[in-house]
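Undergrad: Just a sequence and a predicted model for now, questions to come.
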Amino acid sequence: MTDAISISNAQLRFGETAALDGVSLSIPQGTCFGIVGESGSGKTTLMRAVLGLQKLDQGEIRILGNPLVHSRAALKQRASFIQPIFQDPAASLSPRSRISTLMNEVGTVLREPHAATHERLRVILNRLGLPPGVIDKYPHEISGGQARRVAIARALLMKPSILIADEPTAGLDVSVQGDLLNLLQDIRRSQNITLIVISHNLAIVRLIAENAVVMRAGKVVEGGEVGSLFGAPREDYTRELLAAWPSVTHSGAG
Amino acid sequence: MAISLRNLSVDYTLPQGTAHALRGVSLDIQKGEMLGLVGESGSGKSTVAFALMGLLANNARVTSGTATIDGRSFDLTKHNATAALRGRGMAMIFQDPMLSLNPVFTIGTQLCEVLRRRSPGSDRKTRVEMAEDALAKVKLSNPGRRMNQYPHELSGGMRQRVVIAMALLSEPALLIADEPTTALDVTVEAQIMREIIGLRDRIGCAVLLITHSLGLVTEYCDAISVLYAGEKLESGTVKEVQRRPGHPYTRMLFDCEVPIDRERHADASQNCFTVIAGDLPDPRQRPPGCIFNGRCDVSFEECAAVNPGDYPVGNDAGHSARCLRLQTP
Amino acid sequence: MSGLVVTLKRICSERDGRLGLAFTGFILVFALFGPLISPDPNAIDIKARFAAPGLAHLLGTDNLGRDLLARTSVGTRYALTLAVMIVVISSILGSLIGIVAGIAGGWVDRAVTAIFDIVNAFPPLILAFALIALYGKGSATFVLLVTVVFIPQFGRMARARAQTLRNLSFIEAERMLAVHPLTIVFRHYLPNVAGPIIVLASMNLPVVIAFEASLSFLGFGVQPPKSSLGTLIKDGFISINQSWWPTVAAALVLAIATLGATLLGEALRRVIDPKTAGAR
Amino acid sequence: MTRSQRTVAFIASRLASMVLTIAGATLLLFLMVRLVPGDFASVMLGPRATPELRAQIIHDMGLDRGMLEQLWLFASRAVTGNFGEDVVSHRPILDIVLDVIPNTLALAFSALTLALVVGIPIGVIAALKPGSWLDSGLALLSISFITTPTLVVSVILFLIFAIGLHWLPVAGAGDPGDVMDRLQHLILPSVALALGWVGYISRLVRAALLDTLAELHVRTLRAYGVSEYRIVGLYALKLALVPVVSILGIGLGDLIGSSVVVEIIFARSGIGSLIFNSIAQRNYPVVQACVVFIVAFYIVANLVVDMINALLDPRIAAGRG
Amino acid sequence: AGARTNPIIAVDADIGNLDPGNRVGTTEGNIIRAVCQTLVRFEPGKTSWTNDAAKEIKQISDTEFDFELNPGQMFTGGFGEMTADDVKFTYDRYINGDKNGKKLAYADDLEALKSVEVTGKYTGKLVLKHPSAALWLIGICDASGAILSKKAAEQLGDKIATTLIGSGPMVLKEWRPKEQFVLAANPDYKGAYKAHFDEITGKIIPEHKTSFLSYQAKELDFTAFDADQLATAKGLPDTKVIDIPGIDYTWIGINVVKGDLADIKVRQAIRWAIDVDAIIQGAYSGATSRAKTLLAPGLLGNWADAPLYTRDVAKAQALLAETGKTGLTFTFTCLNDATSLAVAQIAQANLAEVGITLTINAMDSGAYWALGAGDASKDLELTLIPYTSKFDPSFQTQWFLASQIGLWNWQRWNSPEFDKLHQEGLETLDKAKREAIYVNMQKLLDESASCIWITHGRNFFVDAAWLKPMFLPNGKDWQFEFFDKA
Ligand SMILES: Nc1ncnc2c1ncn2[C@@H]1O[C@H](COP(=O)(O)OP(=O)(O)OP(=O)(O)O)[C@@H](O)[C@H]1O
Ligand SMILES: Nc1ncnc2c1ncn2[C@@H]1O[C@H](COP(=O)(O)OP(=O)(O)OP(=O)(O)O)[C@@H](O)[C@H]1O
Ligand SMILES: [Mg+2]
Ligand SMILES: [Mg+2]
């Protein structure tokens, strides 16, 4: 089976900073893949490159075996199987459109009658535990947690086979965070989606991903199956990260 | 006791009505001790800090509360009650280092500004020296050069250190750190926390650390207070509270925390996360009984009617919680 | 329709909005119904020239004995129509051009900014003389001209906003859904650019009116016997020794109109912005 | 790159775009002015303009050459600052323009200074107590300043101070040797020109200041007990001035434009009245020279504004503003 | 300001070109006449003249004059004494063009002059092409006749446009473009017309309104003002209001070959319909008197009995009815100053009453005067035209000649008889005969119904009580050299 995404030697510079400095990795279909690393290590940039929002200086990205092309037609085609969930959910919903409008846009793109879209949407909203009434609201009229779910709902409405979530739990309370992760897990189980989770929360990635990479300064420091990656890290940097992780079980150290 | 806050209640006036953001919250922090104030988002943690500092929003009103800081007592219901302490007895570190520094002034200028108030008589040169010294103390490389740099020329971690240096310069009796590391990554977070502890040890102040990460609290704090929907539900030493949570909410909160070494199902998609079902109550209309009643997994009939008092947990005098189940008949 | 009613209701719910509505309403009523309560604005009566305000002529008469109330009213109508037309056209065109430049980036952006710079570098009055001399006087020339002059202002603002928006995740989310670029421009860029543009537009209404007044003053205004606030101010200035009130009346109308427009514009911005609107 | 290198690069890129803009504006201007109907000879001489004389003057002005040749001539002259000779007076056009420029510059800068010196404090005062009666009052004042056209202000000032009270001189720019006299002649026109900008700047300062005061770094200063006056008057103001200064670039252009009206009413010689008369007379070479100066001035002013902003806000020079 | 001993006055136009033959406005003319000498000079306030540079002028025949200069008339700037060579040089420029052979703008003022012969250091002879009365009035006496220093002109080259070297009563001491000029008494001038003031400062203030206000603020001692300020002016303290009837002429020209206007009845109807008296009231504040004909009262050839067309709507309607035309629409072209616009609007209202629709097309001066070039005037219909006059009637009549069609004859009226009379008028010397010729010409104009005369204008000045200005009878040409204390 071809990999969902494979990246070879991706390079990208912003002025003097090398945001991506020779990143190579491959993500098998139907699995969850974690990307961890400190702030500014290039995680978001990598995701934007995969989505076609950012052109690489060098290197190649293949999605389901096909090289990434920057044309509108290719974008249109890609949209049907790869979708992002951006870091700030409220900001990823157009603030001056009702949610129903945003959802209808998906229908338009898919050339699907609005009724059909709404039918599917109803099912998805229900699964995500959102009241059907949310679609008549503006993004600012719903809570942050709801906005995040709406963003997920919209992504799911495109029926993607690959979902990329950038910091899906940043800034959330533990309980809400758990809720959301359970939801993602649920989607994975039921839809056989390839899920890519970008996070700096090592503990979470460790639990939900099969494979993961650790990034630093635009490079992949270490990667592999999470069990061994977190259980027996080979690189100092990974060890350092794990050591710095404040965890309840390390109690009393202060 | 260095700092004690008694019976703090704060209301926010909104077009839809008055939100009671804090109801009768009391805290105690010893000199040289770090208290972790935890709670979900919106539980009122920042409001506590702002009420102490006198920096509440315009639509806020302190309806009751006194603070005793360094032996001096302040009636917080008065406007700007603690104004005299700002920069001299109290200092505050805010969440976002990107935004807590003025982008168009050099680090040096902003540090010296704090000193103007701290030591009014000093001349410019001594102030610069003191500021450089403070930068050196927070282990910022090349302090002399940093003084002439602008915030955007520094990384997030460096900026937060500058903010800590600022706190250092004001030599406060009480340092409030409101989510000082949420914007930073773990390695930097660890460093910053060590800086704060270093600062505390150097000047022997009391620290109020506001966070929603239990990990941080258990790792760095001496004591913990748990806030829920504007009410303090439990407080005690970190060890005690973690070992024997007195309130179901505290317990559930600890359960939700994901430890790095949690047991892992081989099929990653089978790993599940603990959650606390339900939502925060409406801050405008407090339901009778225990504030946590709706979401509690061990509540009983009485919980819906009786608002529990603060009961001691176990034998430890400092450990108490507001749960009817602790009520000794 | 109901949207309009809701918007009006919201505007009415704040003090500035009510004030703006009141002023604007007054001016509109004055412009529309002024002529009904006063004689023909173009009726010449040489014997009654420079009559002081009185019962026959509430605002007095001008150098040809024409009723100044009627002329002010007609002038207001003219000035407002023109100003609104210009501001609407230039704000829409400016926004679109600015958004396109902001989105496209690269050489398109550079070319557009350069053109904006060039147009801006010409003092508008001087551009006006040249264009009016070139195309002759008349409302159409004036509209064309001022539109050209004002487009860069709106364009710049829209461009700056679009550049910020371009990198915001909701725009990227739209792109990732392969939503049609035109839909993105009209549904997602335009409404988000609209707030400041509306405020700028309301601030520019008086500027346009004053601009017309200056042109009239320098002899490039409307063709007589039409009157505009500009020609009235000018006429008043020319005969300032005989009658100062046309200048004052026209200036007053101008002030009320612009005050109304400015207040209403700011209120409107608050109202159409769902964020601030929801907070009420 | 170091900070100074970045600043140099910043200025260099600004200079390059400045040259381009001037070139573009010159071309546009050239085409536009040439298309304007009318002929100089008839305007100057009226019925005396016989076809023979007219042809002669057209020849003297170089209008009988090919368009491209004219453009080339104009462009090459503009670069060297030599705009040829005026057909009427045979004076170098450069001299004619340079004669009047100091007057206009004095007017524009004094108006600008006035606008800043009065406008900024009003804005600051209004921002100190937003929503108060003082704020509302100042808002009304500012808006009425903005909305009263320069024209009306000029006329009213003129009537009150020059005619009614005899406090200030009515016409002209004053005796060149006498600084006091020049200043006296400057007062009314610059007030007339500045008033709208006083209102505009005060509104802008207020809005920008309120925005800035809501920013988190202000909270930091408050937390350290820095006095509200220092916060508003120093820390927030510097940041709030960035958008204000940006507007000034456009403002200077506007001031030069509005100076036409003011110069005519107060009978001051200046580039505004010169260009107005030259257009009326269809004296194209003078018009072109004037516009080149105005455009260059505007662009240089904008460059200066950018540099001031880069000084105010170091992020701009770093390319992040 | 009260203690001023040298007057400060306002002029409404800057100096453009100080070369007498290429001057552009009245300002230069006034300065040139004060700074330079002419063979003969206008007497104070009159169109008669006496000798100035010339000691004697002898008429040899109708076309020959001998002149002799006063000795010792020194040009300023060290350019030496005036000789007959200078006179020849001066006049030759009008005959042959300037040093590059370019025709001078005012060459036509000395059109009648054929040649100048130098017969001695101070003596010479003027030879005319034909007898001419106009030559003296509009040529030799006026600024065009200002005698230049040959040496200076050759040395200065093109700079004679900005440097005026004369030998007259005053010198141009200072000129700051767009601001002011200063005329000072010429200490070396030995002639009869010594200037009364040490200095006269002329402030350049284009708007009469502004200069009038400046006068009220006592910054000026003398200025022209507009008719509508007359009442104000009369109320000013320590002020004389001077009121000089003008000799210029403003008229509504009707294109006699354009469409329905070719029908003389339509033109006559328009003439009856337009209420000139109302125009005088409304556009000129009633401060000027109505013109009946081309040549103003006081000028040679004034037709005192010219018919007065007092508005008669019935007559106008009757004439229109005769033509059977209805729904007539015409364009009214005029300048865009306030007075012209007022005239246009009154005419518009007047014609509306008889069923003629008038569209006003107001133009800025640049576009308006360009109508005189390249036959741009052929589509004009009704046009409001303001022209300035000279003291000789031939100057005024020339614009109505057939040869001016396509140039300045915007009426496009073509009368061979008129043309013939004009030529006769030029060459006739006898005053009475000329009078008759010009009256006849005006009758022809009247019959054509191509012109509706509005006004000859009127010049108003305010003047500080201590100052006594001096003007030629047209009110436009000021004699700075004769300005005096009252
Ligand atoms: N548009 C851009 N222009 C310039 N530099 C950029 C841009 N986007 C990213 N960078 C830089 O590239 C590097 C990688 O950024 P990126 O956002 O990919 O990091 P990240 O790992 O997602 O960090 P975080 O955890 O903070 O989201 C950083 O140094 C960042 O400053
Ligand atoms: N200015 C304000 N006006 C109205 N309500 C406010 C205001 N500031 C805070 N609140 C409300 O008061 C409650 C407590 O807010 P506070 O910021 O103290 O919470 P917090 O515990 O600090 O949350 P977080 O972890 O998100 O920072 C929340 O419900 C919040 O919505
Ligand atoms: Mg990121
Ligand atoms: Mg908080």
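TA: Everything's here; your move. Ligands and ions are numbered 1, 2, ... in the order given.
Undergrad: Report the separation between the residue lying closest to E:Pro473 once chain neighbours are set aside and E:Pro169.
TA: Nearest residue to E:Pro473, sequence neighbours excluded (CB to CB, 6 or more residues apart in numbering or on different chains): E:Thr47, at 6.0 Å. C-beta here means a position set from N, CA and C on the backbone, and glycine is covered the same way. According to CB to CB, to the nearest Å, E:Thr47 stands 19 Å off from E:Pro169.
Undergrad: more crowded one of those two?
TA: E:Pro169 (26 against 18; other CB atoms under 10 Å in any protein chain shown).
Undergrad: Low-confidence stretches in the stretch 51-200 of chain D?
TA: D:163, D:170, D:176 (pLDDT under 70).
Undergrad: And the helices in the stretch 201-329 of chain B?
TA: In the stretch 201-329 of chain B, the segments counted as helices under DSSP state H, counting those that start in this stretch are B:214-220, B:238-243, B:248-256.
Undergrad: near chain A, which residues of the stretch 51-200 of chain B?
TA: Contact residues, the stretch 51-200 of chain B versus chain A (CB under 8 Å from any CB of the partner chain): B:155-156, B:182, B:184-190, B:193, B:197.
Undergrad: Swap in 6 Å and give it another go.
TA: B:185-187, B:190 (CB under 6 Å from any CB of the partner chain).
Undergrad: got TSV for these, with pLDDT and secondary structure too?
TA: What follows is these, written out as TSV (pLDDT from 0 to 100; DSSP: H, G, I helix; E, B strand; the rest coil):
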residue	pLDDT	secondary structure
B:Asp185	79	coil
B:Val186	83	helix
B:Thr187	83	helix
B:Ala190	88	helix
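Undergrad: Among the residues you listed, pick out the one closest to chain C, please.
TA: B:Asp185 (20.5 Å; CB to the nearest CB).
Undergrad: Which part of the stretch 51-200 of chain A gets nearest to chain D, residue-wise?
TA: Closest point on the stretch 51-200 of chain A to chain D, by CB to the nearest CB, is A:Gly171, at 16.0 Å.
Undergrad: helix/strand/coil for the spatially most central residue of chain A?
TA: Most central in chain A under CA atoms, centre = their mean is A:Ala165, positioned 1.5 Å from the mean C-alpha point. Secondary structure assignment for A:Ala165 (DSSP: H, G, I helix; E, B strand; the rest coil): strand.
Undergrad: Averaged over its residues, which helix or strand of chain C has the lowest pLDDT?
TA: Sorting the helices and strands of chain C by mean pLDDT, DSSP states H and E puts helix C:274-278 at the bottom, at a mean of 50.
Undergrad: Please report how far the residue lying closest to E:Asp238 once chain neighbours are set aside lies from E:Gln229.
TA: Closest residue in space to E:Asp238, ignoring its immediate chain neighbours: E:Ala465 at 4.5 Å, by CB to CB, 6+ apart. Counting by CB to CB, the separation of E:Ala465 from E:Gln229 is 18 Å.
Undergrad: rewinding a little: need phi/psi at the residue nearest to E:Asp238.
TA: For E:Ala465, the backbone dihedrals (degrees, to the nearest 10) come out as phi -60, psi -30.
Undergrad: Which pLDDT value goes with it?
TA: As predicted, E:Ala465 sits at a pLDDT of 90.
Undergrad: what about it, distance to E:Phe480?
TA: 19 Å.
Undergrad: Neighbour count: those two, which is higher?
TA: E:Phe480 (23 against 11).
Undergrad: how much space between the closest residue to B:Tyr311 other than its chain neighbours and B:Arg244?
TA: Excluding its sequence neighbours, the residue lying closest to B:Tyr311 (CB to CB, 6+ apart) is B:Leu326, at 3.9 Å. Distance from B:Leu326 to B:Arg244, counting by CB to CB: 11 Å.
Undergrad: the more surrounded of these two?
TA: Each of B:Leu326 and B:Arg244 has its neighbours counted (other CB under 10 Å); B:Leu326 has more, 18 against 15.
Undergrad: in what helix or strand does the closest residue to E:Lys150 other than its chain neighbours lie?
TA: Among residues not flanking E:Lys150 along the chain, E:Phe89 sits closest, at 3.9 Å (CB to CB, 6+ apart). Taking DSSP states H and E as the criterion, E:Phe89 maps to helix E:84-96.
Undergrad: And the average pLDDT for that helix is what?
TA: 92.
Undergrad: Which residues are in contact with the residue in chain E that chain D sits nearest to?
TA: Residue of chain E nearest chain D, by CB to the nearest CB: E:Lys178 (3.2 Å). When contacts are counted by CB atoms under 6 Å, 6 or more residues apart in numbering or on different chains, E:Lys178 touches D:100, D:269, E:14.
Undergrad: host element of the closest residue to it other than its chain neighbours?
TA: Using CB to CB, 6+ apart and skipping the chain neighbours, the partner closest in space to E:Lys178 is D:Ser269 (3.2 Å). In this assignment (DSSP H and E), D:Ser269 forms part of neither any helix nor any strand.
Undergrad: Report the buried residues of stretch D:161-174.
TA: Buried residues in stretch D:161-174, counted by 16 or more other CB atoms under 10 Å in any protein chain shown: D:161-163, D:168-174.
Undergrad: residues near C:Cys9, how many?
TA: For residue C:9 the amino acid is Lys, not Cys. Residues near C:Lys9, counting by other CB under 10 Å: 11.
Undergrad: do the same with D:Gly131
TA: 9.
Undergrad: ok, now E:Glu424?
TA: Counted with other CB under 10 Å, E:Glu424 comes out at 15.
Undergrad: what residues are up against the spatially closest residue to it that is not a sequence neighbour?
TA: Excluding its sequence neighbours, the residue lying closest to E:Glu424 (CB to CB, 6+ apart) is E:Ile437, at 5.5 Å. Counting by CB under 6 Å, 6+ apart, E:Ile437 touches E:421, E:424-425.
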